[in-house]
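*Asks:* Return atomic coordinates for the entry below.
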Amino acid sequence: MAIIAIVGAGVMGTAITFPVADNGHEVRLVGTHLDDDIILSCLERRIHPRLRRSIHERVQPFYHTDIPTAVAGADVVLLGVNSRGVHWVAEAVGPYLEPGQIVMMITKGLESSPDGRLQILPDVIRENLPAAIRDQVHYAAVGGPSIAGELAARRHTSVVFVSREVEVAERLRSLFSTPYYHIWTSTDIIGVEVCVAMKNPYALAVGLAAGVLERQSPDVANAHMHNYAAAIFAQGLAETAILVEKLGGGRETVFSLPGAGDLYVTTQGGRNSRMGRLLGKGMAYSDAVEEMPGETIEGVDAVVSVMPAVEAMIQRGEIAPDALPLLRELHRIVTRNAQIEFDFNSFFSRLPFNPPPAGQ
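*Replies:* I've put the predicted structure just below:
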């Protein structure tokens, strides 16, 4: 039996307790300083209020003040905070990590470093851990289409566990794999992490189509905007591939579970899609935020986090200025309250297609 400590009691951090608990392991679910109400409900009622289901009998809830106890002796310390909490969790957990432990991330995101580099979050975590422990633990992450409510309901879910160390990814697969939680392993940590981070802004972009449709006059034959959304979906994958390759990841990852798979499932609903719909209706971002109070829109956070490094990469000649038109338009929309003005003819400029004549 292994001990799995999960820091972050949100829906995904809690959902991933189900397969590992079903496998008979000890699971410690630790809330952040923002999760006290969730942990209280889990302790008193054994119900997670956001997942709206009972937690597994093998799951032991802890408040964030009990992090030292929860992490002690754990085989795996899984970090399930949102992208804004990465530095906090490194500071909160770092002093209590032990040599040989696996630090595993389900948090999605990228960061621009002060020197203009684009960093994946496992590397951000490593840099922010105490120097004495950062090279004494192992690092891993999860990528792929995984809606928390479906995983908690034990619906078939297929993901990729990734680590630069093959044996670490295989060890994790042995702990988490169940008849409903299907796991492939990879060493392409850059490819997986870039894909799962960029799926959020590009899912938001796909969601714009629903709002744009609402602004249109009713069509006599009830035509939709699926063509519009599909072009944005494809351009999002093309831009993700550019970033993956520039950072040294594998292009094939983009067209597998962490890339196409995760982008697809994220477009089917959730906060990013809802934000996209509001913006597509013509609402300024500052007003759309007011319609979703208290919600973290990871797609917006990713755009804002990534663009400084993208601009630096363009200045260094690593990326062509016209290579990421969709990402740059998203940045303009969310930072300048701009209206949507996609130039579809600018899409796919890095692919072997001839662009259409102007005006088509």
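*Asks:* Quick check: buried residues in stretch 97-111?
*Replies:* By 16 or more other CB atoms under 10 Å, the buried positions in stretch 97-111 come out as Leu97, Gln101, Ile102, Val103, Met104, Met105, Ile106, Thr107, Lys108, Gly109, Leu110, Glu111. C-beta here means a position set from N, CA and C on the backbone, and glycine is covered the same way.
*Asks:* Alpha carbons of that stretch, as PDB, please.
*Replies:* The C-alpha coordinates for stretch 97-111 follow below in PDB (Å, rounded to 0.1, in the frame of the first residue of the first chain):
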ATOM      1  CA  LEU A  97       9.200  17.200   1.400                       C
ATOM      2  CA  GLU A  98      11.400  14.100   1.900                       C
ATOM      3  CA  PRO A  99      14.100  12.600  -0.300                       C
ATOM      4  CA  GLY A 100      12.700  10.100  -2.800                       C
ATOM      5  CA  GLN A 101       9.100  11.500  -2.900                       C
ATOM      6  CA  ILE A 102       7.400  12.000  -6.200                       C
ATOM      7  CA  VAL A 103       6.000  15.500  -6.700                       C
ATOM      8  CA  MET A 104       3.200  15.200  -9.200                       C
ATOM      9  CA  MET A 105       1.200  18.100 -10.700                       C
ATOM     10  CA  ILE A 106      -2.300  18.200 -12.100                       C
ATOM     11  CA  THR A 107      -2.100  22.000 -12.200                       C
ATOM     12  CA  LYS A 108      -2.100  23.500 -15.700                       C
ATOM     13  CA  GLY A 109      -0.300  26.500 -16.800                       C
ATOM     14  CA  LEU A 110       2.900  28.200 -18.000                       C
ATOM     15  CA  GLU A 111       4.900  31.100 -16.700                       C
END
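*Asks:* Quick one: mean pLDDT for it?
*Replies:* For stretch 97-111, the mean per-residue pLDDT is 95.
*Asks:* need the contact list for the closest residue to Glu239 other than its chain neighbours.
*Replies:* Closest residue to Glu239 apart from its sequence neighbours, by CB to CB, 6 or more residues apart in numbering: Leu324 at 5.0 Å. Leu324 makes contacts with Glu239, Ile242, Leu243, Val310, as judged by CB atoms under 8 Å, 6 or more residues apart in numbering.
*Asks:* how deep is the last one tucked in, by neighbour count?
*Replies:* What that stands for is Val310. For Val310, the neighbour count with other CB atoms under 10 Å is 24.
*Asks:* Three-state assignment for it, please.
*Replies:* Under DSSP: H, G, I helix; E, B strand; the rest coil, Val310 falls in the helix class.
*Asks:* For it, give me its contacts.
*Replies:* If you count contacts by CB under 8 Å, 6+ apart, Val310 has them with Leu118, Ile319, Leu324, Leu327.
*Asks:* quick one: the last one and Leu204 touch, right?
*Replies:* Right, the one you point to is Leu327. No: Leu327 sits out of contact with Leu204 when judged by CB atoms under 8 Å, with a separation of 11.0 Å.
*Asks:* neighbour count winner among the two?
*Replies:* Neighbour comparison, Leu327 and Leu204: the larger count goes to Leu204, with 32 against 24 (by other CB under 10 Å).
*Asks:* Backbone dihedrals for the residue nearest to that one when sequence neighbours are not counted, both of them.
*Replies:* With CB to CB, 6+ apart as the criterion, Leu204 has its nearest non-adjacent residue at 3.6 Å, and that residue is Gly299. Per-residue torsions, Gly299: phi -60, psi -40 (degrees, to the nearest 10).
*Asks:* In contact with Gly299, which residues?
*Replies:* Each residue near Gly299 by CB under 8 Å, 6+ apart is listed here: Asn200, Pro201, Tyr202, Ala203, Leu204, Arg271, Asn272, Met275, Gly276, Leu330.
*Asks:* Leu327 now?
*Replies:* Pro201, Glu239, Val303, Val306, Met307, Val310.
*Asks:* Compute the number of surrounding residues for Phe347.
*Replies:* Phe347 is flanked by 20 other residues according to other CB under 10 Å.
*Asks:* swap in Cys42?
*Replies:* By other CB under 10 Å, 23 other residues sit near Cys42.
*Asks:* Repeat that for the one 3 residues further on.
*Replies:* The criterion is other CB under 10 Å. On that basis, Arg45 has 11 neighbouring residues.
*Asks:* Relative to Gly80, how far out is it?
*Replies:* Going from Arg45 to Gly80 by CB to CB, to the nearest Å gives 21 Å.
*Asks:* Show me what His48 bridges to in the sheet.
*Replies:* Listed beta-bridge partners, His48: Arg53 (assigned using DSSP bridges).
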